[in-house]
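S.K.: for reference, the sequence and a predicted model appear below.
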Protein chains: 4
Amino acid sequence: MASANRNEPPAGAAVSSVRHRVPFYETDAMGVVHHSNFVRYLELARIVWLDEHDLPYRKVVEQGIHYATTKVEVAYHRAARFDDVIEIFTWIEWARGASLRMAYVLRSGGATVATGATEHAAVDLEGRVRRLPRERVERLRSLALRVGV
Amino acid sequence: MASANRNEPPAGAAVSSVRHRVPFYETDAMGVVHHSNFVRYLELARIVWLDEHDLPYRKVVEQGIHYATTKVEVAYHRAARFDDVIEIFTWIEWARGASLRMAYVLRSGGATVATGATEHAAVDLEGRVRRLPRERVERLRSLALRVGV
Amino acid sequence: MASANRNEPPAGAAVSSVRHRVPFYETDAMGVVHHSNFVRYLELARIVWLDEHDLPYRKVVEQGIHYATTKVEVAYHRAARFDDVIEIFTWIEWARGASLRMAYVLRSGGATVATGATEHAAVDLEGRVRRLPRERVERLRSLALRVGV
Amino acid sequence: MASANRNEPPAGAAVSSVRHRVPFYETDAMGVVHHSNFVRYLELARIVWLDEHDLPYRKVVEQGIHYATTKVEVAYHRAARFDDVIEIFTWIEWARGASLRMAYVLRSGGATVATGATEHAAVDLEGRVRRLPRERVERLRSLALRVGV
């Protein structure tokens, strides 16, 4: 889980980011953002990454494919609070014929709030694993840090 | 919105209830349950009511119908907190050919926490309004407090 | 609930708005935004309204006050879907010594998606109702549509 | 992350479990439970484990301590759907002076739906890391699979 120790996206990665102002409804009775919401923050960034680097997710779905999440890892470094602005950075670590792995750094106020990674399997609308079209895999691989995994 | 002032289900109503122990992730930085979660609590009770009095919702969906929510009203009387057990009571107020209205009382520790009401339209899987099958409407009307609305 | 029938903010109101791109995690198995999330959308707009017209909510809290939600009403006109951009408009309907009422219109793609209203009581950090400072009430009343309620 | 490959709790572990019927509001537009909710399911089981084996979490908080989540790992094996009943099993892997690690298996209909692990740091109500009381650590360690970590 090397990716989870980074404080910033690796040099050379095709990175996207999104800024998220923490709503009150994402806080909990500890006075901080509930940790489960960070998994949602990763999705916010992933969607923007697909917009900017590959095929927008709504178009992926129109083609009859979903990227089902098969693994989530989040390491929490600092608490985030109501009204903090969190910037979530993401890039692709690898792509295979029917799966991919994204990595994330979440920063706020100049500090790393969390790091994370997610893995996804391409599935059809019934949830069966499906190989991605060749051009999709080639595009994703060309963006990945470790091309030959 | 008479229903929202009741402290208990009306006499003679076909009532269902469900107990819900408040998880930490439903609290917010005020130290109480975030008010948006009460709308979800209503759904928990509505599902049990359909199980107990009419057709379980998964079977409604198998028949190609959803009950889309068209209106929500919640009046909050007291805060609820982590680990409180809330009991949500629900009954049907009226049913028409393609719509229905449910009412709710939420109680905890002997006190009313909230009251509410929801209205729903029967829609097909593409979201178009659809009349309910006659036997569905008749069953729902037979359970409703105000049959002829 | 006159406010819930409007398709746009009333003329002369001090309106704020916020744009929200629907994340995948707010959709449900009907393929649309789950209705409970609209209650959260109202909060997004309310926070921006406080920023733009009165005291930012984080500063309200620093003064030892929360605006506890005492009532929520939402009327759903159309479904919203993943990746739709919803614009939530809000304004204040009235303010009293310890309470206020906000109204909302949610629009997307040129159509009204929902309308709503919320009421709030000023409470201290232990949840007891507290009168707002005089300058707060005067400011809120000056922004309200119906000053003398 | 050995724990994430198990299909059932290890022999000899002090296990708790909780059954959770999937509400409609936890599903997404893929027709399955949104993956972020599994992180919340882990919390449901953790709370019951504390009830049954150590100090209920509300009493931990009354003593001025929170167990802040510092790491989450979830591996998703199968989709879960509306109305599925998921049973979440949990046990403690290790405890140190100010931290602990829990592991989880989620099962439904005789199959493993997901596995996971979480790590937590004891913090005071301001979020500063704090050593746990000695009796707390000793109790947690006596329940842990790997006592001497």
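M.R.: Yep, it's here. The model shown is predicted, which means the values in this text are computed figures rather than measured ones.

S.K.: can you tell me the element A:Gly12 falls in?
M.R.: Counting by DSSP states H and E, there is no helix or strand that carries A:Gly12.

S.K.: gap between it and A:Ala144?
M.R.: Distance, A:Gly12 to A:Ala144, using C-beta to C-beta, to the nearest Å: 11 Å. The way it works is simple: take the backbone N, C-alpha and C, and place the C-beta from them, glycine included.

S.K.: again, but for A:Ala121
M.R.: In this view, A:Ala121 and A:Ala144 are 16 Å apart by C-beta to C-beta.

S.K.: is the lengthiest helix in chain A anywhere near chain D?
M.R.: Secondary structure of chain A per DSSP state H: the longest helix is helix A:36-53. Yes - residues of helix A:36-53 contacting chain D under C-beta under 8 Å from any C-beta of the partner chain: A:Ser36, A:Asn37, A:Val39, A:Arg40, A:Glu43.

S.K.: what residues sit buried inside that helix?
M.R.: By 16 or more other C-beta atoms under 10 Å in any protein chain shown, the buried positions in helix A:36-53 come out as A:36-51, A:53.

S.K.: please save the CA atoms from that helix in CSV.
M.R.: Only the C-alpha atoms of helix A:36-53 are listed here, as CSV (Å, rounded to 0.1, in the frame of the first residue of the first chain):
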residue,chain,number,x,y,z
SER,A,36,-16.9,7.0,6.0
ASN,A,37,-17.3,10.2,4.0
PHE,A,38,-13.7,10.0,2.8
VAL,A,39,-14.6,7.0,0.7
ARG,A,40,-17.2,9.3,-1.0
TYR,A,41,-14.6,12.0,-1.4
LEU,A,42,-12.4,9.5,-3.4
GLU,A,43,-15.4,9.0,-5.7
LEU,A,44,-15.8,12.7,-6.3
ALA,A,45,-12.2,13.0,-7.5
ARG,A,46,-12.4,9.8,-9.6
ILE,A,47,-15.3,11.1,-11.5
VAL,A,48,-13.4,14.3,-12.3
TRP,A,49,-10.4,12.3,-13.3
LEU,A,50,-12.5,10.3,-15.8
ASP,A,51,-13.9,13.6,-17.2
GLU,A,52,-10.4,15.1,-17.7
HIS,A,53,-8.4,12.1,-18.7
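
S.K.: flag every buried residue along stretch A:90-104.
M.R.: Buried, per 16+ other C-beta under 10 Å, within stretch A:90-104: A:90-96, A:99-104.

S.K.: and the residues you listed, which two are the farthest apart?
M.R.: The distance between the two most remote of those (C-beta to C-beta) is 19.4 Å, for A:Arg96 and A:Tyr104.

S.K.: make TSV from the residues of helix A:36-53 next to chain D and add pLDDT to it.
M.R.: As requested, these are exported to TSV (pLDDT from 0 to 100):
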residue	pLDDT
A:Ser36	98
A:Asn37	98
A:Val39	98
A:Arg40	98
A:Glu43	98
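
S.K.: intersect the residues you listed with the contacts of chain C.
M.R.: A:Arg40, A:Glu43.

S.K.: which one of A:Gly12 and A:Ala144 has more residues nearby?
M.R.: A:Ala144 (21 against 8; other C-beta atoms under 10 Å in any protein chain shown).

S.K.: quick one: the nearest residue to A:Leu50 once chain neighbours are set aside from A:Ile88, how far?
M.R.: Setting aside the residues directly before and after it, A:Leu50 is nearest to A:Tyr57 in space (C-beta to C-beta, 6 or more residues apart in numbering or on different chains), at 5.0 Å. Distance check for A:Tyr57 against A:Ile88: by C-beta to C-beta, it reads 16 Å.

S.K.: which one of those two is surrounded by more residues?
M.R.: Between A:Tyr57 and A:Ile88, counting by other C-beta under 10 Å, A:Ile88 is the more crowded of the two (26 against 21).

S.K.: hang on, that one packs against A:Val22?
M.R.: No - the pair A:Ile88 / A:Val22 is not scored as a contact, 11.7 Å apart, by C-beta atoms under 8 Å.

S.K.: model confidence score at A:His35, please.
M.R.: You'll see A:His35 listed with a pLDDT of 98.

S.K.: ignoring the adjacent residues along the chain, who's closest to it?
M.R.: A:His35 sits nearest to D:Thr69 (C-beta to C-beta, 6+ apart), 4.1 Å away.

S.K.: distance of the one you found relative to A:Asp28?
M.R.: 10 Å.

S.K.: what does A:Tyr67 give?
M.R.: Taking C-beta to C-beta, one finds A:Tyr67 at 28 Å from A:Asp28.

S.K.: near chain D, which residues of chain A?
M.R.: Close to chain D, as judged by C-beta under 8 Å from any C-beta, chain A has residues A:1, A:30-32, A:35-37, A:39-40, A:43, A:66, A:68-76, A:79, A:125, A:127.

S.K.: buried subset of the residues you listed?
M.R.: Buried among those (16+ other C-beta under 10 Å): A:30-32, A:35-37, A:39-40, A:43, A:66, A:68-76, A:79, A:127.

S.K.: can you tell me which of those residues are in helices?
M.R.: Members of these lying in helices (criterion: DSSP H): A:Ser36, A:Asn37, A:Val39, A:Arg40, A:Glu43.

S.K.: tell me the one of the residues you listed nearest chain C?
M.R.: Comparing those against chain C with C-beta to the nearest C-beta places A:Arg40 closest, at 4.9 Å.

S.K.: quick one: contacts for the closest one?
M.R.: Residues near A:Arg40 by C-beta atoms under 8 Å, 6 or more residues apart in numbering or on different chains: C:Pro23, C:Tyr25, D:Ser36.

S.K.: mind putting these into a markdown table with distance to chain A?
M.R.: Converted to a markdown table, the contacts of A:Arg40 look like this (distance: C-beta to the nearest C-beta, whole Å):
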| residue | distance to chain A |
| --- | --- |
| C:Pro23 | 6 |
| C:Tyr25 | 5 |
| D:Ser36 | 4 |
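
S.K.: which of these lies closest to chain B?
M.R.: Distance to chain B across the contacts of A:Arg40 (C-beta to the nearest C-beta) is lowest for D:Ser36, with 10.3 Å.

S.K.: pretty sure that closest one sits against A:Ser36.
M.R.: Yes - the criterion here is C-beta under 8 Å, and D:Ser36 meets it with A:Ser36 at 5.8 Å.

S.K.: and A:Arg139, what helix or strand is that in?
M.R.: Per DSSP H and E: helix A:134-143 holds A:Arg139.
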